[in-house]
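> coordinates only, no sequence provided:
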């Protein structure tokens, strides 16, 4: 609160989002053991947080609510664009080949609102994208997916159609679908064709470009380590590497 105005200073665009202190020295997180119901059934540890689109106030959430994301891009070709995030249910929408199936960081997120995919979800998503396209004609960014993945080929194609219908839309995110799989191949084509607006990276695929890898904190890597995790920048909004370079990015295990 400032003495001059008696008000709290405005939150910086894309700046510090640390309303909750960062954990220091934390290694790893919750890992599911063989036989665990969430592991075997392919669902979240927190089923009460899974909501139908009709019961959700909104599916696209302002990035200011995610301290690792940030509110507004401050660097690179998407500078000035607001960021919004989308969260689905981990494991339920993910390929079982995902290397983080047991150790997904969703295991440590008991309060995230996870949306159920499908026709009604996509209709609500469509309406929100339309509204954002009108509200931010100079561009806005959607981060796919805080949790979850592209749950069908039709859903992967939905995002390609959305780029055509909503010219202000930009997308970045990650997928555990292998580039040679049906869904992965679709995403790879879209990424190569439309990298300026659709920057999807392939997690755990062993790629030197367009990849994302998870490493241990003491592990050496030939890849760029996420600067937000090493304290070199504050959050995605102040970094822009994930959509600014095609080099593979390494993320420290949560």
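That came in fine, so what should we check first? Owing to the predicted nature of the structure, the values given are computational and were not obtained by experimental measurement.

> isn't residue 107 up against residue 33?
No: with contact defined as CB atoms under 8 Å, residue 107 and residue 33 do not form a contacting pair (11.6 Å). (Each C-beta comes from the backbone N, C-alpha and C, glycine too.)

> these two - which one has more neighbours?
residue 107 (20 against 7; other CB atoms under 10 Å).

> leaving out sequence neighbours, find the closest residue to that one.
Once flanking residues are discounted, residue 107 sits nearest to residue 30: 3.7 Å by CB to CB, 6 or more residues apart in numbering.

> tell me the secondary structure of that neighbour, please.
coil (DSSP: H, G, I helix; E, B strand; the rest coil).

> which regions of the stretch 1-150 of the chain sit below the pLDDT cut-off?
Scanning the stretch 1-150 of the chain for pLDDT under 70 picks out 1-28.

> now the strands for it?
Taking DSSP state E, counting those that start in this stretch as the test, the strands found in the stretch 1-150 of the chain are 50-51, 60-62, 82-86, 114-115, 140-144.

> pick the most deeply packed of these.
strand 114-115 (a mean of 26; mean count of other CB atoms under 10 Å).

> for residue 199, grab phi and psi.
Residue 199 adopts backbone torsions of phi -110, psi 90, taken as degrees, to the nearest 10.

> leaving out the residues flanking it, which one is nearest to it?
Of all residues not flanking residue 199 in the chain, residue 243 sits nearest, at 3.8 Å (CB to CB, 6+ apart).

> now for that neighbour: which residues touch it?
By CB atoms under 8 Å, 6 or more residues apart in numbering, the contact set of residue 243 is 76-78, 170, 172, 199.

> pLDDT score for it?
pLDDT, residue 243: 96.

> how close does it sit to residue 30?
Residue 243 is 30 Å from residue 30, where distance means CB to CB, to the nearest Å.

> do residue 176 as well
To residue 30, residue 176 is 18 Å away according to CB to CB.

> would you map the helices across this protein?
Taking DSSP state H, the helices of the chain run over residues 37-41, 119-135, 153-165, 182-193, 241-244.

> and the longest one, what does it pack onto?
Translated: helix 119-135. Applying 3 or more CB pairs under 8 Å, 6 or more residues apart in numbering; DSSP states H and E, one finds that helix 119-135 makes contact with strand 60-62, strand 140-144, helix 153-165, strand 169-175.

> so which of those is nearest residue 186?
For residue 186, the closest of the helices and strands packed on helix 119-135 is helix 153-165, at 4.7 Å, according to CB to CB.

> thank you kindly, that will do.
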